[in-house]
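K.L.:
Take a look and give me a structure for this.
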Amino acid sequence: MINFEDDIREYNETVEKLQTENQALKDVLSRYQIFSGYSSLPNLESDLKANLEYAEKLLAVCFSDLLIPAFSGQLLSDGEDGMFSDFVYTRVNKEFARFCSMDAKNILGKTEKELRIFNSPLWLDGVLKSTKILEPVSLKIKENDGVVFEVKIVALKHDTFFLQFKTVGIGTSEGKKLKENLAFTRSIVNALPIPLFYKDIDGAYVLCNESYSKTLAGVPPEKIIGKNVFEFQDWLSTETAEFSHNKDLELLNGSGIQVYEGAIKCADGLTRVYIITKTLIKDSEKRPVGILGVMQNIDEIIKTRRELAESESRYKSLFNSISQPIIVADVDGNIVLCNSTAVELFEEEYDPKTGDKKIPAETLTDKDFIRTVIETGEVMTRRVSVVIRGEEKWYLSTLQPLNDAFGEKVVQIISSDITEIKKYQSELLKQKTHAEDSSNLKTIFLANIAHETRTPANIINGHIQMIQSGLHPEKLNSYLATIYKNIFKLLDIIDDIVELSKIESGQIKLRHEICSINSIIEDSFVFLNDFLEESGKKLELKRSCTFNEYEALIYADNQYISQILKKLIANAVTFTQKGYITIGAAIEDDKVLFFVEDTGIGIPEDKLQVIFERFRQADEGAARQYGGNGLGLAIANELVKRMGGVLKVKSEVAKGSVFSFTIPYKKAGM
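P.N.:
Residues are numbered from 1 along each chain as shown. The predicted structure follows:
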């Protein structure tokens, strides 16, 4: 009978050696980063450490005072011939649990065939022998990994036994030691929810957990152990097997960790995508002894990535479809993000005001405003003028503080183009100013009209009274001539008002008839001569018109052309005290040009457009000095526009003016 008490010292040394080897395994796992070699498996290392710590705690739990592994079991028959072919674990001590590297709870109630703790059939043979003769049986058993056990079996009943053993010989092969240590982690790897396997350098499976065997192949681990990838044609295609084998060869010929992605058809018929991480395991002499692999299903990750990509795509599509430019800037004003509408704001532009080249986006992302928004945390709005493609635009920018994906403070700037609103406001202001000016002008006009009508009316009234009183009857004809002259002045004023009213109401109708440019100039010259005689001024009169009779014939409204020339002539005579007045015409391309030139007082440059407005003169006080109601040039300008022409003026103060207008040249007879 074996005396176990004498061997306690030797047993303790063996236990210490096993613990050292287990620690070495942990070091190997940590050194080659078996579970943390891929960024998608962030929790595996911590899970492994937790399981190892848990396993170590189990060694401290005492089942009995025995210092060597021991357990009780009950034989089981296969139900066919009543023969015992297996046994169930009914009681285990801490040393046995440590030997199995399993929690006692996971051993109790399980059969040996389920756990496969012992490889040699001699263990079961010894139990059968002891229970048959109801005598203790002692024997030595050598496992196929080279470890020799000294075993004592005590039969309690014909189907119940107590077994205790110790290790008396340990194999020296590094590969075998590694297999022994892997057996220690069997319970741990089976508890892992991810597939895990270990192969030798020949490609044969030495170890795999249930997650690997049952999920991928639908079989228990023992159906896979000892085989290579080419022996699983029922669940692993030839292409997949060759691919996996080639990857193994790459790893064996290289070093470190190998990570790749693969789609594998699983036992349930579904194809799943895995990230496969393989680590090359080496012995103390740096020679490869095996490959440890971990698989992480990334279907959910792919789905999440796809959903994230779709969400990001929708966001980008929405972000870029917004018609308003959106810019996200950091605290230093650096652009972090912008939508497609904002891209044009990053093109370099030439600023005509300063002559500098600027980027419009820099104006919108003013650093001082951005810092203020970040410091205060408040939303701010500002109006900004920027130049884009040489055109000045106005934007209303809203600056809102945000946190980016990393928690950093940024500012989102949403800008709305308010150029049209700004123009509309400017136009409203102009119209308001114009309305106020018009109101003032109408007041001035009414005062001028009152003055212009009162003067001839008073003259007419005075001469009529002198005629009625019989004073100076010899001057009757002179009185009548004066009355007649002033009546015409009143009629001219009334005609101008009526003409302006017709223009405003759209009652002007052009009459296209055959007329002669020469005749129009001649009639205008006669009017000029008569008007000059009435004014009593001594001016030189000139004509400039050199057309033959055929060339001078055109289709036009003779009445309105003559009326425009008379307005320009009256204006020239009114503001010219000395020198000359010239009237003439010329043909320029497809237009006929008429002009009136004088050597009068001239017009300041800033008043050149004002004089064509109704009730306006270059000098509002000129009406008192020179007369006139301020309607003549306005009427002439409107009539020229109606005929499709343009009325222009060139003038220099104290040197004179040239008024000209064009009409389309429509040759008569063509």
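
K.L.:
show me where the stretch 251-400 of the chain has helices.
P.N.:
All helices of the stretch 251-400 of the chain, identified by DSSP state H, counting those that start in this stretch, fall at 299-321, 360-364, 367-376.

K.L.:
ok, the residue lying closest to I521 once chain neighbours are set aside - contacts?
P.N.:
In space, I521 comes closest to C545 once its chain neighbours are excluded; the distance is 4.3 Å by CB to CB, 6 or more residues apart in numbering. For glycine as for every other residue, the C-beta is placed from the backbone atoms N, C-alpha and C. Counting by CB atoms under 8 Å, 6 or more residues apart in numbering, C545 makes contact with 517-518, 521, 584-585.

K.L.:
now with 10 Å?
P.N.:
Each residue near C545 by CB atoms under 10 Å, 6 or more residues apart in numbering is listed here: 517-518, 520-522, 524-525, 552, 583-586, 594.

K.L.:
Would you list the phi and psi of it?
P.N.:
When read as degrees, to the nearest 10, the backbone of C545 gives phi -160, psi 110.

K.L.:
ok so, going back, of the contacts of C545, which belong to strands?
P.N.:
Among the contacts of C545, the residues falling in strands (DSSP state E) are 583-586, 594.

K.L.:
Just put those residues in CSV and tack on pLDDT, neighbour count and distance to P121.
P.N.:
CSV is the format used below for those (pLDDT from 0 to 100; neighbours: other CB atoms under 10 Å; distance: CB to CB, whole Å):
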residue, pLDDT, neighbour count, distance to P121
I583, 96, 26, 137
G584, 94, 19, 134
A585, 95, 22, 132
A586, 93, 16, 129
F594, 96, 25, 130
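
K.L.:
Which of those residues sits closest to F197?
P.N.:
Minimum separation from F197 among the ones in strands among the contacts of C545 (CB to CB) is found for A586, which lies at 103.5 Å.

K.L.:
pretty sure that closest one contacts T546?
P.N.:
Yes: contact criterion CB atoms under 10 Å: A586 and T546 qualify, at 8.6 Å.

K.L.:
Does G293 touch T279 like I think?
P.N.:
Yes: here G293 lies in contact with T279, judged by CB under 10 Å, at a distance of 7.5 Å.

K.L.:
ok, those two, which is more surrounded?
P.N.:
T279 (24 against 21; other CB atoms under 10 Å).

K.L.:
The more buried one pairs with what?
P.N.:
T279 forms beta bridges with I257, L292, as assigned by DSSP bridges.

K.L.:
What does the pLDDT read for it?
P.N.:
With respect to pLDDT, T279 has a value of 90.

K.L.:
please renumber so the chain begins at 17
P.N.:
Sure, I'll start counting at 17 from here, so that last one is T295.

K.L.:
surely it meets L268?
P.N.:
No: look at T295 against L268 with CB under 10 Å: they stay out of range, at 11.8 Å.

K.L.:
Common neighbours of the two, please.
P.N.:
With CB under 10 Å, 6+ apart, T295 and L268 have common neighbours 306-307.

K.L.:
My guess is N206 contacts M118. True?
P.N.:
Yes: N206 lies in contact with M118 (CB under 10 Å); the separation is 8.9 Å.

K.L.:
Comparing the two, which residue is more hemmed in?
P.N.:
M118 (23 against 18).

K.L.:
before we move on, which element is that one in?
P.N.:
Following DSSP states H and E, one finds M118 outside all helices and strands.

K.L.:
From I204, how far out is it?
P.N.:
9 Å (CB to CB, to the nearest Å).

K.L.:
Could I get the phi/psi values of the spatially most central residue of the chain?
P.N.:
Note on the chain: the residue nearest the mean C-alpha position is N355, at 3.6 Å, using CA atoms, centre = their mean. Dihedral angles of N355 (phi, psi; degrees, to the nearest 10) stand at phi -90, psi 170.

K.L.:
Per-residue confidence, it, what does it come out as?
P.N.:
At N355, the model reports a pLDDT of 79.

K.L.:
Contacts only, for it.
P.N.:
Contact analysis of N355 by CB under 10 Å, 6+ apart lists 332, 334-344, 430.

K.L.:
8 Å instead?
P.N.:
N355 sits in contact with 335-336, 338, 341-342, where contact means CB under 8 Å, 6+ apart.

K.L.:
same check, this time on K239
P.N.:
Counting by CB under 8 Å, 6+ apart, K239 has contacts 229, 233.

K.L.:
Next one: it from G306, what distance?
P.N.:
Counting by CB to CB - K239 and G306 are separated by 20 Å.

K.L.:
What of D508?
P.N.:
Distance of D508 to G306, given as CB to CB: 120 Å.

K.L.:
and those two? which has more neighbours close in?
P.N.:
Neighbours per residue (other CB under 10 Å) separate D508 from G306, with G306 holding more: 22 against 16.

K.L.:
my guess is the more buried one contacts T295, does it?
P.N.:
No: if you go by CB atoms under 8 Å, G306 and T295 don't touch, sitting 9.4 Å apart.

K.L.:
Can you pull the residues that touch both of those two?
P.N.:
Taking CB under 8 Å, 6+ apart as the contact criterion, no residue touches both G306 and T295.

K.L.:
would you list every one of the strands in the stretch 567-686 of the chain?
P.N.:
Using DSSP state E, counting those that start in this stretch, the strands of the stretch 567-686 of the chain run over 569-572, 596-604, 607-614, 663-668, 672-680.

K.L.:
Now do the third one and strand 596-604, the angle between them.
P.N.:
Here the directions of strand 607-614 and strand 596-604 differ by 170 degrees (axes from the mean of the first three to the mean of the last three CA atoms, to 10 degrees).

K.L.:
export stretch 267-282 as CSV, just CAs?
P.N.:
Extracted in CSV, the C-alpha atoms of stretch 267-282 (Å, rounded to 0.1, in the frame of the first residue of the first chain):
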residue,chain,number,x,y,z
LEU,A,267,2.9,33.5,-39.2
LEU,A,268,5.3,30.6,-38.7
ASN,A,269,7.7,32.2,-41.2
GLY,A,270,7.3,35.6,-39.6
SER,A,271,6.8,36.7,-36.0
GLY,A,272,4.6,38.5,-33.6
ILE,A,273,0.8,38.8,-34.1
GLN,A,274,-1.3,38.3,-37.3
VAL,A,275,-4.7,40.0,-37.7
TYR,A,276,-7.0,39.6,-40.6
GLU,A,277,-10.7,39.5,-41.4
GLY,A,278,-12.7,36.6,-42.8
ALA,A,279,-16.2,35.4,-43.5
ILE,A,280,-17.0,31.9,-42.2
LYS,A,281,-20.1,29.8,-42.6
CYS,A,282,-21.1,28.7,-39.1
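
K.L.:
Pull out the buried positions in that stretch.
P.N.:
By neighbour count on 16 or more other CB atoms under 10 Å, the buried set for stretch 267-282 is 267, 273-274, 280, 282.

K.L.:
out of those, who's nearest I651?
P.N.:
The nearest member of the buried residues of stretch 267-282 to I651, counting by CB to CB, is I280 at 94.3 Å.

K.L.:
wait, doesn't that closest one sit right on R288?
P.N.:
Yes: with contact defined as CB under 8 Å, I280 reaches R288; the gap is 6.2 Å.
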